[in-house]
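>>> no sequence on this one, just coordinates:
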């Protein structure tokens, strides 16, 4: 959101829209510009819109209480008793970026967890991310181990992650950094799991870029999409130069690999990068979309976003501050969540009938992650959210979305529950630019919208007919039994 | 399970362990055979070469293909598309246009049809005179006429103007075209070549119209490249498609360097320009390139498609190809190498037109009665030579060969299976199916996309695993069944109500009724279960042996590596590079590998090929 000059104000929005206002009068123009400028770069979180927003709708269900860890654990304990809910982080005292309660192996007590926390970057010890019901394999996530140059080890850490293995089985550690970068991290006290200390685990490095590179990529991509002058050649080379689709491919590939280890190899997986708050979450959440049909429903996807992004401590406030048009360098800005949504869209495009939600749902989440009247995406972790008293002072996005009026906009008419694992293709031919976001404001969408409407109508008509036929059948059956009874009489 | 031998275009025998034979097909399939004995391989190679390059038309498949239809059905098939009927549909003949028989015995132009439509004021003298001033004597003739405003699209070859030559009859011919559109005082003359190419042609005594010599024309160049550039461009793009596990950059760079999409855009832009002139300005257009049978055909047919919703129906599209391509002497034999010939004559001219249609379908999902499969099958049969439609280079040659008596028509075959080719989103009363289509023109390069459904057609793993089209078609079919059932049920209900008053007949009727009811119920529930739906998706690739091995070996290797987990760093970096090799495509370019149990589970890409 930055402002031009001379009677016209150009507002560049976080949702990538560009608005031009022509204002007569130089002084007025400057005034408006400076107040927009001021309002769009507030220093304090508590001055932001969610704190003043008064909902104009009836709240059916409080979104702040829709996705509690206890519920998630209840589901888990109905299939396995090897895990427990630990309240070790109740006051955010062990790990500031973790939620108050986490799921850990039953055999590991809180004392051990404390020790492990000391051994992991930002105290993010390994916790359960996903349990694969089909074969009991699990996916855990954490941050990098603090081995340093002298190869520190932590027996409890080894014990914890080994506790997730079946006897005689091996697991995979997916490190979202290249081996090189992981090795360099040792100099700064970080590092990776040494085979000698984790003999039952095989480490795989899948490089996913870090946030500043991703942000640059987004800026380049958006520039390319807005460039009205270029010819065909330059469009493709600019798309290529932005590397955006390369990042998509890397992230999807890593997620597919994690899913493959779990479902096909029957192995448990631990995922981490450096902090475990960015690429780690991309991988764990996408793997769940691939593996778990529940995550492809609207409610299940919301739950996934809450668990694997909000509660898992993805720093939304830092990452989603200014979006693509920021000209001041934002050190922590990065489209990590947008990349995740883009990957989900890619899978959705390849499996158009397996998702309960549609593209609009993903676009809506993108918009709200960057700017919203709801408090859901404020703060960087649960700790900050509780300090800001967001649940008391602001409205949850889920309270708004999960009402039937809104939900109907986000439903995919083609949805047919698909209980299978869905394996997307990651070949370049299969990945496309997400036009719904990046070309949203500069492509004609009328005809595509019409097509979508047509699709909805076809399916709606079909459903109506089904209902009618069923009603008639019932009526017939009733009349026939009446008939028969009469006859018998 | 190979297809018609003729489709194999290129073979590269490289000897290694065993003897691999790489066969590239004109429909973009790539097959790799491994033959253990080198001598056998050579034999196969030699005989395939011979079979792939027939020298006589009689060797082609269509002369032996017999779909077990009787003579009458075959004749009916050929009558499905009738061009006179089509010109009648446009409102011709009328006060301005008439059918001319100057080319009765192909006496004026041997690559034109016998029946040509020309302005009424153009006498035989003018036509013959004009033809002498045009390359290959391809004089201006009518391609499309818009009866709402009398504007028309005519086509010809380049004039033999050289640097200063003139021809009175040709100038009169263009006048006649202008006069046939009384609402407009000029015509556009569109030369679809780049200006440089056209100027170079002047040195050879050819060239383009000089605005000073022709009264009331507006001359316009549109830079579409020639067949050689297009051939190379496709070649480059196919190389990209065949890359083994390319990176995103490899792919996008390759696509860009091929220039393919740029050429597609150029053709589209030309079509859009002409459609606009005709529909919005009401001005007639004369289109030509060099000989007027490649770029001219592309541009005229794209413009017609944009202008007239009829050409966006299945039948109309057949008519369009028959009109602008077959009848006006597009050199199918030379361009698509049906017979052994000059490889420099081969070029994907009609492929580009078909792709333009696909690009339009992507932008206007409701505007076309047919779907992507229809286009792919037409493309396939242009090369397959299974049907006689696209044989030879001109109508004259086809008549001499008695094609219609000796072969079958593709259009009848497609028409018979038309249910497979329907676009479920098409509705004849939808706004997109009315009037002219207006694609965005200026800087919308991102509208043109790589068509993996065509160029990676046989790598099913790359495509969306669930087809919206198929799903909607299934839904629509079910809807139809429901409609029928509803009617039957309603009737039965009425009967039942009557029969309740009329107790005598109840018994017999009831049995009959319940029997029918049971049947329809089972049909219905079947159509509604996910199983039937996933059967719709059974177009999973039939796996070639090499692909099967690939998946297994990948998994086995992974386990091997598991056993040898070395703490040592050098081994780590080995593993690292191994993992980087990660691919989702088999070395044969086979796409994602299907799993054995594709019924039970979806296909799986091998993400971990160590």
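Right, received. Where do you want to start? Quick caveat, the model's predicted, so the values are computed rather than measured.

>>> mind naming the longest helix for chain A?
Assignment by DSSP state H gives helix A:446-488 as the longest helix of chain A.

>>> close to chain B, is it?
Yes: using Cβ under 8 Å from any Cβ of the partner chain, helix A:446-488 reaches chain B at A:447-448, A:450-451, A:454-455, A:458-459, A:461-462, A:465-466, A:468-469, A:472-473, A:475-476, A:479-480, A:482-484, A:486-487. Every residue, glycine included, has its C-beta placed from N, CA and C.

>>> and that helix, how far out from the chain middle?
Mean-position distance between helix A:446-488 and its chain equals 38 Å (Cα atoms, centre = their mean, to the nearest Å).

>>> shaky segments in the chain?
If you meant another chain, say so; for now it's chain A. For chain A, applying pLDDT under 70 flags the ranges A:1-6, A:229-233, A:327-329, A:489.

>>> please go with chain B instead
B:1-17, B:441-445, B:502-610.

>>> what is the burial count for residue 474?
This is for chain A. The tally of other residues near residue A:474 (other Cβ atoms under 10 Å in any protein chain shown) stands at 10.

>>> looking at chain B here, not the other one
By other Cβ under 10 Å, 19 other residues sit near residue B:474.

>>> chain B contacts on the stretch 151-300 of chain A?
So far as Cβ under 8 Å from any Cβ goes, the stretch 151-300 of chain A lies against chain B at A:170, A:178-179, A:194-196, A:199, A:201-206, A:225, A:227-233, A:235-237, A:239-240, A:243, A:245-246, A:248-249, A:253, A:256-257, A:260-261, A:264-265.

>>> of these, which belong to strands?
Within those, residues falling in strands by DSSP state E are A:201-205.

>>> counting neighbours, what do you get for residue A:118?
13.

>>> now do residue B:373
Per other Cβ under 10 Å, the neighbour tally for residue B:373 reads 18.

>>> can you tell me which residues contact it?
By Cβ atoms under 8 Å, 6 or more residues apart in numbering or on different chains, the residues touching residue B:373 are B:420-421, B:469.

>>> now with 7 Å, please.
Residue B:373 makes contacts with B:420-421, as judged by Cβ atoms under 7 Å, 6 or more residues apart in numbering or on different chains.

>>> rewinding a little: can I get the buried part of the residues of helix A:446-488 next to chain B as one PyMOL selection?
For the buried members of the residues of helix A:446-488 next to chain B, the matching PyMOL selection, counting by 16 or more other Cβ atoms under 10 Å in any protein chain shown, is:
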select buried, chain A and resi 447+448+450+451+454+455+458+459+462+465+466+468+469+472+473+476+479+480+483
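
>>> if we can go back for a sec, mind giving me the packing neighbours of the longest helix of chain A?
Judged by 3 or more Cβ pairs under 7 Å, 6 or more residues apart in numbering or on different chains; DSSP states H and E, helix A:446-488 is in contact with helix B:468-501, helix B:506-528.

>>> and the angle for that helix with helix B:468-501?
30 degrees (axes from the mean of the first three to the mean of the last three Cα atoms, to 10 degrees).

>>> which stretches of the stretch 151-300 of chain A form helices?
Secondary structure of the stretch 151-300 of chain A (DSSP state H, counting those that start in this stretch): helices located at A:155-162, A:179-187, A:211-226, A:232-242, A:244-263, A:279-291, A:298-305.

>>> revised request: answer the last question for the stretch 1-150 of chain A.
For the stretch 1-150 of chain A, helices defined by DSSP H, counting those that start in this stretch occupy the ranges A:26-40, A:69-77, A:110-119.

>>> for the shortest one, which positions count as buried?
If you call a residue buried by 16+ other Cβ under 10 Å, then helix A:69-77 has these buried ones: A:69, A:72-73, A:76.

>>> in TSV, list those residues along with distance to residue B:475.
Below are those laid out as TSV (distance: Cβ to Cβ, whole Å):
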residue	distance to residue B:475
A:69	40
A:72	35
A:73	40
A:76	37
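
>>> which one of those residues is nearest to chain B?
The nearest member of the buried residues of helix A:69-77 to chain B, counting by Cβ to the nearest Cβ, is residue A:76 at 23.9 Å.

>>> list the contacts for the closest one?
Listed by Cβ under 7 Å, 6+ apart, the contact set of residue A:76 reads A:83, A:103, A:131.

>>> beta partners of the first one?
So the one you mean is residue A:83. With DSSP bridges applied, residue A:83 shows beta-bridge pairing to residue A:105.

>>> hang on, isn't it packed against residue A:128?
Yes: counting by Cβ atoms under 7 Å, residue A:83 does reach residue A:128; the two are 5.9 Å apart.

>>> shared neighbours, these two?
With Cβ under 7 Å, 6+ apart as the test, residue A:83 and residue A:128 both reach A:103-104.

>>> please name the nearest non-neighbouring residue to the closest residue to chain A within the stretch 301-450 of chain B.
Closest residue of the stretch 301-450 of chain B to chain A, Cβ to the nearest Cβ: residue B:365 (3.5 Å). Spatial nearest neighbour of residue B:365, excluding adjacent residues (Cβ to Cβ, 6 or more residues apart in numbering or on different chains): residue A:451 at 3.5 Å.

>>> distance check, the one you found against residue A:433.
Separation of residue A:451 from residue A:433 (Cβ to Cβ, to the nearest Å): 19 Å.

>>> cool, and residue A:78?
Residue A:78 sits 42 Å away from residue A:433, going by Cβ to Cβ.

>>> residue B:152 pairs with what?
Beta-bridge pairing of residue B:152 under DSSP bridges involves residue B:145.

>>> show me the contacts for it.
Contacts of residue B:152 (Cβ under 7 Å, 6+ apart): B:142, B:144-146, B:180-181, B:284.

>>> try residue A:224
Taking Cβ under 7 Å, 6+ apart as the criterion, residue A:224 is in contact with A:235, A:238-239, A:242.

>>> got it, and residue A:407?
Residue A:407 neighbours (Cβ under 7 Å, 6+ apart): A:298, A:401.

>>> quick one: secondary structure of it?
Secondary structure for residue A:407, judged by DSSP: H, G, I helix; E, B strand; the rest coil, is helix.

>>> list the residues that contact the most centrally placed residue in chain B.
Centroid-nearest residue in chain B: residue B:354, 3.4 Å away (criterion: Cα atoms, centre = their mean). For residue B:354, the contact set (Cβ under 7 Å, 6+ apart) comprises B:375, B:378-379.

>>> please, which helix or strand holds it?
In this assignment (DSSP states H and E), residue B:354 forms part of helix B:349-363.

>>> which ones are touching the residue nearest to residue B:290 when sequence neighbours are not counted?
Spatial nearest neighbour of residue B:290, chain neighbours left out: residue B:158 (5.4 Å); criterion: Cβ to Cβ, 6+ apart. Residue B:158 makes contacts with B:135, B:201, B:206-208, B:288, B:290, as judged by Cβ under 7 Å, 6+ apart.

>>> now, which of the contacts of residue B:152 sits nearest residue B:229?
residue B:144 (26.8 Å; Cβ to Cβ).

>>> the closest one and residue B:92, how far apart?
In terms of Cβ to Cβ, residue B:144 sits 10 Å off from residue B:92.

>>> more crowded one of those two?
More crowded of residue B:144 and residue B:92, by other Cβ under 10 Å: residue B:144, with 27 against 18.

>>> would you mind finding the most buried of the helices of the stretch 1-150 of chain A?
Highest mean neighbour count of those: helix A:110-119, a mean of 18 (counted as mean count of other Cβ atoms under 10 Å in any protein chain shown).

>>> how about residue B:489, what does it touch?
A:469, A:472-473, A:476.

>>> cool, residue A:364 as well?
When contacts are counted by Cβ under 7 Å, 6+ apart, residue A:364 touches residue A:410.

>>> where's it, which helix or strand?
In the assignment (DSSP H and E), residue A:364 maps to helix A:359-370.

>>> need the contacts of residue B:354 in JSON lines with secondary structure and distance to residue B:317, can you?
JSON lines is the format used below for those (DSSP: H, G, I helix; E, B strand; the rest coil; distance: Cβ to Cβ, whole Å):
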{"residue": "B:375", "secondary structure": "helix", "distance to residue B:317": "9"}
{"residue": "B:378", "secondary structure": "helix", "distance to residue B:317": "8"}
{"residue": "B:379", "secondary structure": "helix", "distance to residue B:317": "13"}
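
>>> thanks a lot, see you next time.
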